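# from the sequence below, what's the structure:
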Amino acid sequence: MPTIPGAKYNVKTTTKGKKVRLAWSGGNVIEAKNLKTGATHTPAEFADDAMSRLQRKMKPKPSKGK
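Prediction:
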């Protein structure tokens, strides 16, 4: 397992039962890895997810026409 310098690692089980290894640095998750499939969520993907959430939140809701 290659490590990130200065990061602390923790394994959590999600609500759906998946085991995920989290890498923490400075109080923020900087990497998440699914231990069964090996899929890794990187800092760039975290930023993309945050932007998507922000865009969904700012999107105007359709008005109810009568």
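# looking at this, K33 is in a helix?
No: counting by DSSP: H, G, I helix; E, B strand; the rest coil, K33 falls outside a helix, being strand.
# shouldn't it be in contact with V20?
Yes: look at K33 against V20 with C-beta atoms under 8 Å: they come within range, at 6.7 Å. Placement of C-beta: from N, CA and C, glycine included.
# and the residue nearest the centre of the chain, which helix or strand is it part of?
Centroid check for the chain by C-alpha atoms, centre = their mean gives F46 as the closest residue, at 5.2 Å. In the assignment (DSSP states H and E), F46 maps to helix 43-58.
# same question, V20
For V20, the host element (DSSP H and E) is strand 19-25.
# got the end-to-end distance for stretch 25-43?
One end of stretch 25-43 sits 12 Å from the other (C-alpha to C-alpha, to the nearest Å).
# what about this structure, any weak spots by pLDDT?
Low-confidence segments of the chain, defined by pLDDT under 70: 1-2, 65-66.
# can you rerun that using 90?
Judged by pLDDT under 90, the chain has its weakly predicted residues at 1-7, 14, 24-31, 38-66.
# who touches stretch 28-48?
4, 7, 11, 18-24 (C-beta atoms under 8 Å, 6 or more residues apart in numbering).
# and the gap between A32 and A47?
Distance of A32 to A47, computed by C-beta to C-beta, to the nearest Å: 13 Å.
# the two: who's more crowded?
A32 (16 against 10; other C-beta atoms under 10 Å).
# how far away is the more buried one from K64?
In terms of C-beta to C-beta, A32 sits 39 Å off from K64.
# run a quick neighbour tally on P43.
Using other C-beta under 10 Å: P43 sits among 13 other residues.
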